[in-house]
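Visitor: show me the folded form of this:
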Amino acid sequence: MFSIPNLLTSCNLMFGCCALVSLQKGNFDWCIYFMVLAGLADFLDGFVAKRMKQSSELGVQLDSLSDVVSFGLVPGLIAFTILENSQQPLQWIPFFGFLLTLMAAFRLARFNVNVKQAQTFFTGLPVPASGLFFAGLLSLYQNTGINNSWLFQPFIFLSLIIAFSILMVSRLKILKIYAQRDWIKKHMLLLFAQAVCFLFIPWLGAGILSLIILVHIIFSLILPFRNLQSHSI
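Guide: Here you go, the predicted structure:
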């Protein structure tokens, strides 16, 4: 039960809880730090489990439960917080932020019952990717404010919430990332585009998380068309 991969997964959950507390106390920087740490723990638990050959059903369930908190509940509360501070007339509008939490739960439940998993892509946007996207938006919100950016106007921000909620439960094929030479060589363009995103750190700060994930989604969308063209040639 208390294997190294499972302990790493529990770190994911702990960091998610810390992110929740930080967000409620208004410490947005630490909320983002804890979400990034949760993402790192989420990556490492799977990597270590494969290396140590310690994958288990318990680990799969624990991973999903941790992700619901770190990348479902926390982004939902981030969206709620931003909408609550926006200039909108209806008090119940901020609760739409928790649509991210609901769709994350559905996405993870579908993942757990789907025995056959594709090797090269995810079906639907992974919950950690959606969570980190909204962590990046929290950084942009802190730097620009609700009234100084079109991105956080209620209609635009609600559209983002709905779009990412749909992406999580969609059948869209999202490319998996592997630290392998063949994979890196094949997807060098994607890695280059994501590396370019880091040049915007002086202006965006942790907001580059959103930009990197957006680039990955766009690349996943155009990849089938690129493959189709290569086969036709």
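Visitor: check which residues of stretch 59-69 are buried.
Guide: For stretch 59-69, the buried set under the neighbour-count rule, 16 or more other CB atoms under 10 Å, comprises 59-60, 62-69. Backbone N, C-alpha and C define where each C-beta goes, glycine included.
Visitor: now stretch 130-150
Guide: For stretch 130-150, a neighbour-count test (16+ other CB under 10 Å) marks 130-142, 146 as buried.
Visitor: quick one: the residues you listed as a markdown table, columns for distance to residue 34, secondary structure and pLDDT too.
Guide: Below are these laid out as a markdown table (distance: CB to CB, whole Å; DSSP: H, G, I helix; E, B strand; the rest coil; pLDDT from 0 to 100):
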| residue | distance to residue 34 | secondary structure | pLDDT |
| --- | --- | --- | --- |
| 130 | 17 | helix | 96 |
| 131 | 11 | helix | 97 |
| 132 | 12 | helix | 96 |
| 133 | 16 | helix | 97 |
| 134 | 14 | helix | 97 |
| 135 | 9 | helix | 97 |
| 136 | 14 | helix | 96 |
| 137 | 16 | helix | 95 |
| 138 | 12 | helix | 95 |
| 139 | 13 | helix | 94 |
| 140 | 18 | helix | 92 |
| 141 | 17 | helix | 92 |
| 142 | 15 | helix | 90 |
| 146 | 23 | coil | 57 |
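Visitor: residue ranges of the helices in this structure, please?
Guide: Using DSSP state H, the helices found in the chain span residues 4-24, 28-52, 57-68, 74-84, 99-113, 127-144, 154-169, 181-186, 188-197, 201-204, 208-232.
Visitor: what is the second one packed up against?
Guide: The reference is to helix 28-52. helix 4-24, helix 57-68, helix 74-84, helix 127-144 (3 or more CB pairs under 8 Å, 6 or more residues apart in numbering; DSSP states H and E).
Visitor: run the last query once more with 10 Å
Guide: Secondary-structure packing of helix 28-52 (3 or more CB pairs under 10 Å, 6 or more residues apart in numbering; DSSP states H and E): helix 4-24, helix 57-68, helix 74-84, helix 127-144, helix 208-232.
Visitor: and the ones you listed as TSV, adding distance to residue 93?
Guide: Formatted as TSV, the helices and strands packed on helix 28-52 follow (distance: least, CB to CB, whole Å):
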stretch	distance to residue 93
helix 4-24	19
helix 57-68	23
helix 74-84	6
helix 127-144	16
helix 208-232	22
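Visitor: which of these sits closest to residue 201?
Guide: Nearest of those to residue 201, taken as CB to CB: helix 208-232 at 5.8 Å.
Visitor: out of the helices and strands packed on helix 28-52, which comes closest to residue 159?
Guide: helix 74-84 (11.8 Å).
Visitor: just the buried residues of stretch 59-69 now: which is nearest residue 17?
Guide: Closest approach to residue 17 among those (CB to CB): residue 69, at 6.7 Å.
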